[in-house]
Structure formats: structure tokens, C-alpha cells
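Engineer: using only what follows, build the 3D model:
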Amino acid sequence: MFQLAICERFYPQIHGSDENSSVNISEHFLINTIFEVNEFYDESYKAEERRIQRYWRRSPLLYNSKSIRLEIIKADILSPGGEQVGILNTFWLRIVQRCWKKTFKARQEINKKRSSIKELKERQRTGQWSPGLRNYPLFRLNLYK
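Structural biologist: Got it, this is the predicted structure:
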């Protein structure tokens with residue numbers, strides 16, 4: 001099940017580790033706080049996020065770090081250390097957003113060109129747009145680029 005959580009990258013200098021820690025803990029994001037969906041919509045999670053960021057800004061090691069953020073995660077517990085970590089899934093949203101922004105920008109450019117007097121006259125005269133403006137860009141998700 002996916003959840004909303006504030007996660008932070010594991011730093012051994014901050015969080016510490018010992019012989020009981022999981023071997024691959026440094027590759028994970030630790031879960032700081034898990035939120036319900038209604039807390040996201042009423043934005044009550046932002047106070048907790050600001051509190052955590054203030055704490056992290058005091059550390060000279062992590063100043064200006066963007067390692068604390070709200071993420072969509074799947075929670076997991078590592079063994080043998082028992083650390084609660086989050087497997088991030090927000091990156092898929094970012095990929096979709098990036099592809100949509102490119103498509104939207106291309107559509108805006110075509111709309112702008114189509115609204116010129118020259119193109120409107122061409123459409124009125126021939127019944128179709130100029131060759132470069134006939135195809136409206138479709139949203140395509142390129143995962144293998």
C-alpha cells in the first residue's frame with residue numbers, strides 16, 4: 001500500500017550506525033513521519049515539514065540539503081536492524097510531469113502559430129492548417145529515452 005511520508009536520506013554521521021544496523025541502510029530513505037491523505041489536502045503536513053527542515057538547517061553537514069521532502073512511498077522494515085525505510089515512488093510522477101510539460105509547451109507553440117493572421121487566412125483559403133501545424137502534439141510517455 002502506498003503512503004505519503006516525509007523521508008530523509010540516511011546519513012551515518014547524523015543517524016549513526018552500529019553492528020546491529022542493516023547492511024544496505026545507506027541506500028535508503030528513512031521515514032520520518034507518515035501522513036494520511038486528509039492531512040495532505042488540508043496542508044497540515046507542512047508544519048511538520050518546516051519543523052524538520054529547521055532542524056536540518058542547523059546542521060552544517062546538511063545545510064541547503066534537499067533530502068527532506070514529502071514523498072509517495074511504500075514502507076518497508078529492514079532486517080536485522082529494524083529500520084523503517086520508504087521505497088520512493090514519487091519519481092514516476094516527476095517523469096509524467098516532465099513529459100506533460102513538454103507536450104503542453106509544444107501545444108502552446110502550435111496554438112500561438114495557428115492564431116497568426118497568415119495561418120488563419122491559410123486555413124480559411126484551403127480548409128486546413130499549414131503542413132507544420134496540422135498535427136497537434138499528443139501526450140506520450142517516453143520511458144526509454
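
Engineer: surely Ile6 touches Glu39?
Structural biologist: No: using C-beta atoms under 8 Å, Ile6 is not in contact with Glu39, being 11.0 Å away. For the C-beta atoms, the positions are set from N, CA and C on the backbone; glycine is no exception.

Engineer: pick out whichever of those two has more residues nearby.
Structural biologist: Between Ile6 and Glu39, counting by other C-beta atoms under 10 Å, Ile6 is the more crowded of the two (23 against 15).

Engineer: OK, contacts around the more buried one?
Structural biologist: Ile6 is in contact with Ile31, Asn32, Thr33, Phe35, Tyr45, Glu48, Glu49, Ile52, Ile68, Arg69, Leu70, Glu71, counting by C-beta atoms under 8 Å, 6 or more residues apart in numbering.

Engineer: before we move on, what SS does the second one have?
Structural biologist: Secondary structure, DSSP: H, G, I helix; E, B strand; the rest coil: Asn32 is strand.

Engineer: would you confirm that it contacts Ala5?
Structural biologist: Yes: judged on C-beta under 8 Å, Asn32 makes contact with Ala5 at a distance of 7.2 Å.

Engineer: which one's more surrounded, those two?
Structural biologist: A side-by-side neighbour count of Asn32 and Ala5, using other C-beta under 10 Å, places Ala5 first with 23 against 16.
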